[in-house]
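Enquirer: Sequence first, predicted coordinates after that:
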Amino acid sequence: MKALVRKLLPTGLWLHLRALKDKPRSTYYADVYGSGLSRNHPHFSDNRKLLLAGKIPADVARLVPLIPGQRILEIGAGEGILSLALARDGRQKVYSLDVTPVRHEAAKMLRDAWLAAGAVTEDQTHLVLGDVFEHLNLLRDIDTVVASRVIYYFHDRIDELFAEVGTSAKHVALVGNAERALWWRMGKRDSLGEFAYYATVEGMTELLRRHGYEITFTDSKRGKDPVVVGQRV
């Protein structure tokens with residue numbers, strides 16, 4: 001019977017129902033990306049000089065015009081590249097939230113360089129170190145939530161998070177992971193297990209619809225990270 005139910009239900013709904021049954025909640029994201037992580041993402045490390053000089057990588061620049069809203073919270077922002085690019089694009093206020101101290105410090109370095117160059121302002125850019133579940137108050141001050149290559153790390157807390165997001169954010173922009181999406185379709189599983197589904201355009205779409213969002217834009221071009229944007233109904 002369990003196998004039949006699993007086959008009939010959409011993957012995201014199955015994961016959600018299983019999460020409600022199987023407690024305690026996973027701490028995978030905080031465990032993997034918390035204070036124990038001692039390195040920056042290669043995206044920052046490999047492009048450090050260019051980033052400090054104000055150059056935005058093409059894959060990040062691609063995302064900026066796809067993200068709606070003026071008051072933005074980026075969850076799992078890492079070194080803050082996308083957040084700062086949005087601020088430089090003229091957004092009113094951008095919160096860049098990450099749980100990893102070493103990446104938060106890199107974001108501060110990058111922000112300082114862009115402030116010195118006049119590319120962004122202090123009023124626009126707000127860097128926050130911590131777990132998103134401890135900073136849910138930020139949702140009251142924004143109209144858009146952005147999460148790039150990160151939602152699948154929340155494992156069985158993903159619906160808990162988006163239940164909160166759905167109470168405040170008019171827009172949500174999600175960026176998946178092209179490589180993980182390909183692995184998913186090939187039946188490969190890594191440490192994310194079934195939660196790698198949320199790296200795909202189908203998984204992100206299902207998640208947003210489950211939490212009351214109408215899909216306004218999708219982009220799943222081959223070789224590029226998929227993007228799904230939703231607006232609260």
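Expert: Happy to help now that I have it.
Enquirer: any chance you could map the strands in the chain?
Expert: Along the chain, the segments classed as strands by DSSP state E run 71-75, 93-98, 125-129, 144-148, 171-175, 213-219, 227-232.
Enquirer: what about Ala147, how many neighbours?
Expert: Neighbourhood size, Ala147 [other C-beta atoms under 10 Å]: 27. All C-beta atoms are positioned from the backbone trio N, CA, C, and that covers glycine.
Enquirer: Quickly list what the residue most central in space within the chain is bridged to.
Expert: The centroid of the chain falls nearest to Ala147 when counting by C-alpha atoms, centre = their mean (1.7 Å). Per DSSP bridges, the residues bridged to Ala147 are Ile75, Leu174.
Enquirer: isn't it right up against Gly76?
Expert: Yes: if you go by C-beta atoms under 8 Å, Ala147 and Gly76 touch, sitting 5.9 Å apart.
Enquirer: Can you check which of the strands of the chain gets nearest to Asp112?
Expert: Closest approach to Asp112 among the strands of the chain is made by strand 125-129 (10.1 Å; C-beta to C-beta).
Enquirer: what is the orientation angle of that closest one with strand 71-75?
Expert: Angle, strand 125-129 to strand 71-75, by axes from the mean of the first three to the mean of the last three C-alpha atoms, to 10 degrees: 30 degrees.
Enquirer: Point out the other helices and strands that strand 125-129 packs with.
Expert: helix 81-88, strand 93-98, helix 101-116 (3 or more C-beta pairs under 8 Å, 6 or more residues apart in numbering; DSSP states H and E).
Enquirer: distance of Ser45 from Glu206?
Expert: From Ser45 across to Glu206, the span is 34 Å (C-beta to C-beta, to the nearest Å).
Enquirer: show me the contacts for Arg91.
Expert: 69-72, 124 (C-beta atoms under 8 Å, 6 or more residues apart in numbering).
Enquirer: Closest one to Leu192 out of those residues, please.
Expert: Among the contacts of Arg91, and counting by C-beta to C-beta, the member closest to Leu192 is Ile72, at 25.8 Å.
Enquirer: how many neighbours does that closest one have?
Expert: For Ile72, using other C-beta under 10 Å, the count is 26.
Enquirer: What of Gly130?
Expert: Neighbour tally, Gly130, other C-beta under 10 Å: 15.
Enquirer: That one reaches Val99, doesn't it?
Expert: Yes: if you go by C-beta under 8 Å, Gly130 and Val99 touch, sitting 6.4 Å apart.
Enquirer: returning to what we had before: among the contacts of Arg91, which ones are buried?
Expert: Among the contacts of Arg91, those buried by neighbour count (16 or more other C-beta atoms under 10 Å) are 69, 71-72, 124.
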